[in-house]
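>>> pasting the sequence and the predicted model now:
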Amino acid sequence: MSSCHDRHVPANESVTPEAGVSFVMPVLNERAYLEHAVASVLAQDVAGTAELVLALGPSTDGTTELAERLAAADDRIRLVRNPAAHIPVGLNAAIGASRYATIVRVDAHSELSPGYAARALETLERTQSANVGGVMHAEGRTPFQKAVARLYNSPVGLGGGAYHGRTHEGEAESAYLGVMRREVLDEVGLFDETIRRGEDWELNLRIRQAGHRVWFDPSLSVTYWPRESWLRLARQFRATGAWRGELVRRFGRRNGIRYFAPPALVLVVALAVVVGALQLTGVLSGIASLVASVVVYGPLALYLLLVLAVALAPGGGGLRQKLWTLLVLPTMHLSWGIGFLGGVLRGARDTVDASRLGTRNTPLP
């Protein structure tokens, strides 16, 4: 058995792809989830050889030590370093050190369903696609996390992307995680390391522009565990929104119209605050005040009714989960929208997702 030290692979190691499957996983501060995620990967039954390459960021919770123990216990696990701690950097390092012709992206916060890889490989071949993805099915343990998971699984929460709720198979704009042909990655280039969030969307854009197919198969399911606290959720969504704003700056109309709904909500809320202040001070009164109230407060009232309807709808869980939904849904929309507007106006710059640590603004994926 190789030692823990020997399990680390240089990120720039030159490899010639062979038939087989390389699972690649960026990892940072995932001690509570890593072992289950790794087990779900190693349990996949694929024809031929397989490996799991973990790209280890500078974790502070014992994740690295856990990963080294897992690698020492199973020769299929290999380790590379990701000192930058950014997802695309870690993915590129893992892909660069991987050995096989099919790349399966996996996430330390997720668990693959049984048969996922075999089904994805069959779909990849059957559809002659370059990248295949499936459904991101969020799950929760606490009432808060369950509320977040329910909204992740709803078009109302995350805007209706294929992997959040589409039920029919077909070509797609992007793919959750993704099962990719390495030859196509070599052709179009790996992940853009200047994009810290939304890197998968940008890569799939290049894949499609090169004339290849991105495919969605709803029979592929991945369990995703959302953030465990309100503050971390808000940080995550603000960062994600900022990077979507950056992608709009770079790629304009290639971004779907659904991405503009949360920033529109933020602008309506800001306008309502201004109108309310003008009404309270008497600057705005009479017919003008009435018209402004209808135009500004009307959409907000409809939005609040939507939030209430979602929280009280069947399947919304117990009372605590319903109450969390009343807070979580606006948090997701407003945090994402605020981040988006900042990203559009000034670019994402050095925006990072600090949601995996309490109050530290460490560079995180």
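Good, I have the coordinates.
>>> so how far is whichever strand or helix holds Ala288 off the chain centroid?
Per DSSP states H and E, Ala288 falls inside helix 286-292. Here helix 286-292 is found 43 Å from its chain centre; the criterion is CA atoms, centre = their mean, to the nearest Å.
>>> i'd like the first residue to be 166 from this point on
Got it, first residue is 166 now, which makes that one helix 451-457.
>>> alpha carbons of the helix or strand following it, in CSV - could you do that?
The helix or strand immediately downstream of helix 451-457 is helix 463-477, counting by DSSP H and E. Extracted in CSV, the C-alpha atoms of helix 463-477 (Å, rounded to 0.1, in the frame of the first residue of the first chain):
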residue,chain,number,x,y,z
GLY,A,463,-48.1,46.2,-6.2
PRO,A,464,-45.3,43.9,-7.5
LEU,A,465,-43.9,43.6,-4.0
ALA,A,466,-47.3,42.6,-2.6
LEU,A,467,-47.5,39.9,-5.3
TYR,A,468,-44.0,38.7,-4.5
LEU,A,469,-44.9,38.5,-0.8
LEU,A,470,-48.0,36.5,-1.6
LEU,A,471,-45.8,34.2,-3.7
VAL,A,472,-43.4,33.6,-0.8
LEU,A,473,-46.4,32.9,1.5
ALA,A,474,-47.9,30.5,-1.0
VAL,A,475,-44.6,28.6,-1.4
ALA,A,476,-44.2,28.3,2.4
LEU,A,477,-47.7,27.1,3.0
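>>> if we go by neighbour counts, what in helix 463-477 is buried?
Judged by neighbour count using 16 or more other CB atoms under 10 Å, the buried positions of helix 463-477 are 464, 468, 472, 475-476. All C-beta spots, glycine's among them, are computed from the backbone N, C-alpha and C.
>>> counting contacts, what elements does it pack onto?
Helices and strands in packing contact with helix 463-477 are listed as helix 426-445, helix 484-511; criterion 3 or more CB pairs under 8 Å, 6 or more residues apart in numbering; DSSP states H and E.
>>> between the buried residues of helix 463-477, which is nearest Ala303?
When these are compared for distance to Ala303 (CB to CB), Val475 comes out closest, at 14.9 Å.
>>> can you tell me how far the closest one is from Ser294?
With distances taken as CB to CB, to the nearest Å, Val475 is found 34 Å from Ser294.
>>> on contacts alone, who are the packing partners of the helix holding Ala453?
For helix 451-457, the packing partners by 3+ CB pairs under 8 Å, 6+ apart come out as helix 426-445.
>>> what's downstream of the lowest-mean-pLDDT helix or strand in the chain, the next helix or strand?
The least trusted helix or strand in the chain, going by mean pLDDT, DSSP states H and E, turns out to be helix 327-330, with a mean of 56. Sequence order places strand 335-336 as the next helix or strand after helix 327-330, per DSSP H and E.
>>> now that next one: mean pLDDT?
For strand 335-336, mean pLDDT is 94.
>>> sheet-wise, list the partners of the following helix or strand past that strand with their directions.
Toward the C-terminus, strand 335-336 is succeeded by strand 344-346 as the next helix or strand (DSSP H and E). For strand 344-346, the paired strands and their directions (DSSP bridges) are strand 265-270 (antiparallel), strand 296-303 (antiparallel).
>>> please save the CA atoms from the last one in CSV.
When you say that, I think you mean strand 296-303. Taking only C-alpha atoms (Å, rounded to 0.1, in the frame of the first residue of the first chain), the coordinates of strand 296-303 have been written out as CSV:
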residue,chain,number,x,y,z
ASN,A,296,-21.0,16.3,-21.7
VAL,A,297,-23.9,14.7,-19.9
GLY,A,298,-25.5,15.8,-16.6
GLY,A,299,-28.6,15.0,-14.6
VAL,A,300,-30.7,16.3,-11.7
MET,A,301,-29.3,18.0,-8.6
HIS,A,302,-31.6,16.7,-5.9
ALA,A,303,-31.1,18.7,-2.7
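>>> chain center to that strand: distance?
Between the mean C-alpha point of strand 296-303 and the mean C-alpha point of its chain there is a distance of 11 Å (CA atoms, centre = their mean).
>>> again, but for stretch 509-520
On CA atoms, centre = their mean, the centre of stretch 509-520 falls 15 Å from the chain's centre.
>>> may I see the helices and strands packed on helix 463-477 organised as JSON lines, with mean pLDDT and distance to Glu233 added?
Output for the helices and strands packed on helix 463-477, formatted as JSON lines (pLDDT from 0 to 100; distance: least, CB to CB, whole Å):
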{"stretch": "helix 426-445", "mean pLDDT": "96", "distance to Glu233": "40"}
{"stretch": "helix 484-511", "mean pLDDT": "96", "distance to Glu233": "35"}
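>>> single out the most deeply packed of these.
Neighbour counts averaged per stretch over the helices and strands packed on helix 463-477 are highest for helix 484-511, at a mean of 20; criterion: mean count of other CB atoms under 10 Å.
>>> helices or strands next to that one in the packing?
Packed next to helix 484-511, using 3+ CB pairs under 8 Å, 6+ apart, are helix 308-317, helix 320-323, helix 395-416, helix 426-445, helix 463-477.
>>> and the angle from that helix to helix 426-445?
Helix 484-511 and helix 426-445 are oriented at 90 degrees to each other (axes from the mean of the first three to the mean of the last three CA atoms, to 10 degrees).
>>> just send the helices and strands packed on helix 463-477 back as JSON lines, with distance to Thr288 too.
Formatted as JSON lines, these follow (distance: least, CB to CB, whole Å):
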{"stretch": "helix 426-445", "distance to Thr288": "31"}
{"stretch": "helix 484-511", "distance to Thr288": "30"}
